[in-house]
Every structure is written in structure tokens, then in C-alpha cells.
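*Asks:* Sequence and computational prediction follow.
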Amino acid sequence: MVEHYEHQFISFINAEMEQDTAHDLNHVLRVVKTTKSLCAIEGAKLEVVLPAAYLHDCFSFPKNHPDRARSSFIASDKALDFLAAIDYPPEYHSDIGHAIVAHSFSANVYPQTIEAQIVQDADRLDALGAIGIARCLQVSTGLGVGLYDPEDPFCEARAPNDRVNTVDHFYTKLLNIAETMNTKSAKEEADKRTAFMKQFLTQLGAEI
């Protein structure tokens with residue numbers, strides 16, 4: 001049933017998303033793909049997971065905006081208005097809204113349902129691995145952040161500062177994401193992607 005709405009979800013986010021290149025339709029489609037996989041493994045409700053995955057970034061303040069932490073709350077309200085307008089079954093609205101709110105790092109809201117846990121896990125997995133490295137570079141470039149500190153590229157003798165150096169973001173956030181996963185299947189994938197990112201840092205060190 002829920003798959004019948006997918007073209008409407010895509011049309012909506014194409015019209016509404018105004019974010020950086022790391023948070024585009026391709027990001028949404030990757031999160032949707034991952035949520036479908038996790039949903040099948042974990043036995044969650046696709047009727048909740050799929051709309052939340054498609055709509056989780058339908059609104060977002062820029063990374064450096066002072067109201068960034070409010071983004072997922074606004075996205076949730078906006079998504080629920082849209083779902084009501086297309087007559088999506090109302091019994092799923094509350095759980096969809098919660099999953100959208102809880103997906104965000106900055107909102108700091110604990111996912112209370114397995115569906116919310118899956119959406120959060122899927123979104124965080126997209127910050128890891130090869131795609132995670134590429135997205136990190138996209139965001140940092142957009143914000144005018146340099147690549148690394150030439151004196152201490154890997155934060156061995158200083159506190160990381162990802163507002164100045166892109167590589168520092170690995171140490172402030174990316175290498176710790178695997179430990180925040182909710183589901184076993186997502187944790188296993190996160191560990192694989194984190195290992196790849198560590199290999200990238202090793203190679204980068206050899207080159208600089």
C-alpha cells in the first residue's frame with residue numbers, strides 16, 4: 001500500500017528541499033533504500049518507515065544556522081501537513097512525525113519506536129563509508145572549511161575543530177557514529193563503513 005505513495009513523496013521533496021548538495025534527492029533515496037532493508041530485517045512497519053525516510057529532510061536549516069536543532073521539528077510538521085493533504089492513513093501520522101524528529105543529531109531526541117530507530121540508523125549510515133567521506137567534503141566545501149591542519153592533520157596533540165578543518169570532523173563525529181546505532185544490523189554495517197573511513201585516513205596520512 002505505502003509504495004503507491006512513493007511518487008507523491010518524491011514530487012513533494014523535489015519541490016520543497018532547499019539544502020546543500022550533501023542533502024539532496026540522492027541522499028533521500030539512499031536513506032529510503034537502507035530503511036527498506038533494515039525494515040525487512042527488523043520487522044518494522046513500512047507504513048511508518050517509508051514516509052519518514054522520504055520526508056525526513058523536507059526542511060532543514062543550514063549546518064551553521066543557529067536554529068539548526070529545530071530543523072527536524074519543522075520538517076515533521078511540514079511532512080504531516082503534506083500527508084494529511086494526500087490522505088495518507090492518519091493512524092501512522094504520529095509515529096511518522098516522531099521518526100522524522102528523532103532522526104536528527106542536533107535535535108537530540110531519543111527514538112522511542114523501532115521505526116524511528118531504523119530511520120535514525122539509515123540516516124546516520126549515510127554519513128559513513130565512501131559516501132560519508134564524499135558528503136563530508138561537500139558540506140565542508142560549501143561552508144568554506146579547509147581540509148586539514150598541516151601541523152597536526154589527525155588531531156594527535158590538539159582538540160579537533162571541524163569548523164576549521166574537514167578532517168577534524170572525523171574525530172568530532174564520524175568515527176563515533178557506529179556506537180550510536182540502535183539496531184544490530186545497522187551496527188554491523190556501520191562498523192564496516194567506519195573501517196573504510198579509517199583506511200582512508202591512513203592513506204591520506206601517507207600522501208601528506
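*Replies:* All right, it came through fine.

*Asks:* wait, what's in contact with the closest residue to Arg163 other than its chain neighbours?
*Replies:* Leaving aside its sequence neighbours, Arg163 sits nearest to Val145 (C-beta to C-beta, 6 or more residues apart in numbering; 6.7 Å). In short, each C-beta sits where N, CA and C put it, glycine included. Val145 makes contact with 162-166 under the criterion C-beta atoms under 8 Å, 6 or more residues apart in numbering.

*Asks:* From Lys173, how far off is Val145?
*Replies:* Computed as C-beta to C-beta, to the nearest Å, the Val145 to Lys173 distance reads 13 Å.

*Asks:* what is in contact with those two at once?
*Replies:* The contact lists of Val145 and Lys173 share Asp162, where a contact means C-beta under 8 Å, 6+ apart.

*Asks:* between the contacts of Val145, which has the most around it?
*Replies:* The residue in the contacts of Val145 with the most neighbours, by other C-beta atoms under 10 Å, is Asn165 (23 neighbours).

*Asks:* What residues of the helix ranked longest in the chain count as buried?
*Replies:* Criterion DSSP state H: the longest helix present in the chain is helix 184-207. Within helix 184-207, the residues scored as buried using 16 or more other C-beta atoms under 10 Å are 185-186, 189-190, 193-194, 197, 200-201, 204.
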